[in-house]
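1. Below is the structure, and that's it, no one-letter string:
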């Protein structure tokens, strides 16, 4: 009998069995929240990550952590966990949380790096204005955005490994109550990894096939072309500025265009702050879940 589902878009229904009322209710509540996240992932997969969508996804995932914590406080749950401690199925869950926390740390670093680079370039524009002397700062910003690709791809591979470790594991678990618990915890790990992977693609959102140089530079700078999130929009502005400074943009940088670029940089800073708060709430919830699991098996 397979314990964990193999994909975030494929869930095994909870077995219909007679369980202690509180455990059954909380397990179903977690499953309902996971179903919402599954639908969110399916809807989001077809488009560039948007700012609001990411915020909603992180908020719902934090809610899942809170619901899991409630489930772990139920005596019935604790007895089941004690019964499977030391088994591979339980170790997979514990290791899964470690992988999720590591992914959160990487994303936090990416948020901070992006914010710092945006603040730095914003400061240069305020002090020096729009002139070719700022091209070095612009180039440094572009290089820093590109350097994040390697970090993102490494973390994506790690997140995928977390999901695979859960989805590949199977064990003949005869106790149906324990099966329900393992199924719920396994889906929590898999869906959490999928949400964090989607958040990681946010930092690659401007690296697709859409080429800003195919759109008139004045449109990119003056906010007439808006893509899905603040990172994509600021990248459009930066690419356009580079073209103008190199003489390929067909015009000069005016005050309106410069103010628009600065506005977009400020929007990036604010969005990074917002996502960092959401991520910190999620991180604390996941840590608490893992601590609770360890406390249960140590008693």
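-> Ah, there it is. Since the structure is predicted, the reported quantities are computational estimates derived from the model, not experimental observations.

2. tally of neighbours for residue 290?
-> 16 (other CB atoms under 10 Å). Backbone N, C-alpha and C define where each C-beta goes, glycine included.

3. Would you agree residue 119 is in contact with residue 269?
-> Yes - between residue 119 and residue 269 there is a contact under CB atoms under 8 Å: 5.9 Å.

4. can you tell me the average pLDDT over the helix or strand containing residue 25?
-> Taking DSSP states H and E as the criterion, residue 25 maps to helix 21-44. Mean per-residue pLDDT for helix 21-44: 89.

5. ok now that helix, how far from the chain's centre?
-> Computed by CA atoms, centre = their mean, to the nearest Å, the chain-centroid distance of helix 21-44 equals 18 Å.

6. Mind giving me the packing neighbours of that helix?
-> Secondary-structure packing of helix 21-44 (3 or more CB pairs under 8 Å, 6 or more residues apart in numbering; DSSP states H and E): helix 51-72, helix 75-84, helix 176-201.

7. Could you point out the longest helix of this structure?
-> Longest helix in the chain, counting residues (DSSP state H): helix 255-298.

8. Contact partners for the nearest residue to residue 290 once chain neighbours are set aside?
-> Nearest non-adjacent residue to residue 290, counting by CB to CB, 6 or more residues apart in numbering: residue 97, 4.2 Å away. Residues in contact with residue 97, defined by CB atoms under 8 Å, 6 or more residues apart in numbering, are 189, 286, 289-290, 293.

9. could you give the angle of the helix or strand where residue 97 lies to helix 255-298?
-> Using DSSP H and E, residue 97 falls within helix 88-128. Helix 88-128 and helix 255-298 are oriented at 160 degrees to each other (axes from the mean of the first three to the mean of the last three CA atoms, to 10 degrees).

10. just to revisit the earlier point, ranking the helices and strands packed on helix 21-44 by burial, who's on top?
-> Per residue and on average, the most neighbours among the helices and strands packed on helix 21-44 fall to helix 176-201, with a mean of 24 (mean count of other CB atoms under 10 Å).

11. relative to helix 51-72, how tilted is that one?
-> If you take the same axes, to 10 degrees, helix 176-201 sits at 160 degrees to helix 51-72.

12. Run through the stretch 1-150 of the chain and note the low-pLDDT ranges.
-> For the stretch 1-150 of the chain, applying pLDDT under 70 flags the ranges 1-20, 128-134, 145-147.

13. change it to 90
-> Filtered on pLDDT under 90, the stretch 1-150 of the chain yields the residue ranges 1-25, 41-53, 83-93, 95, 113-114, 117-150.

14. circling back to that earlier point, just give me how far the longest helix of the chain sits from the chain centre.
-> Distance, centroid of helix 255-298 to centroid of chain: 9 Å (CA atoms, centre = their mean).

15. Doesn't residue 47 lie inside a strand?
-> No - the assignment for residue 47, made by DSSP: H, G, I helix; E, B strand; the rest coil, is coil rather than a strand.

16. How many neighbouring residues does it have?
-> Residues near residue 47, counting by other CB under 10 Å, number 10.

17. Give me the helices and strands touching the strand or helix carrying residue 231, please.
-> In this structure, residue 231 is located in helix 230-245 according to DSSP H and E. Judged by 3+ CB pairs under 8 Å, 6+ apart, helix 230-245 is in contact with helix 88-128, helix 135-168, helix 217-221, helix 255-298.

18. so the first one versus helix 75-84, what angle?
-> Spelled out, that is helix 88-128. On the basis of the same axes, to 10 degrees, helix 88-128 is oriented at 110 degrees to helix 75-84.

19. closest to residue 25 out of the helices and strands packed on helix 21-44?
-> Nearest of the helices and strands packed on helix 21-44 to residue 25, taken as CB to CB: helix 51-72 at 9.6 Å.

20. Packing partners of the closest one?
-> Judged by 3+ CB pairs under 8 Å, 6+ apart, helix 51-72 is in contact with helix 21-44, helix 75-84, helix 176-201, helix 255-298.
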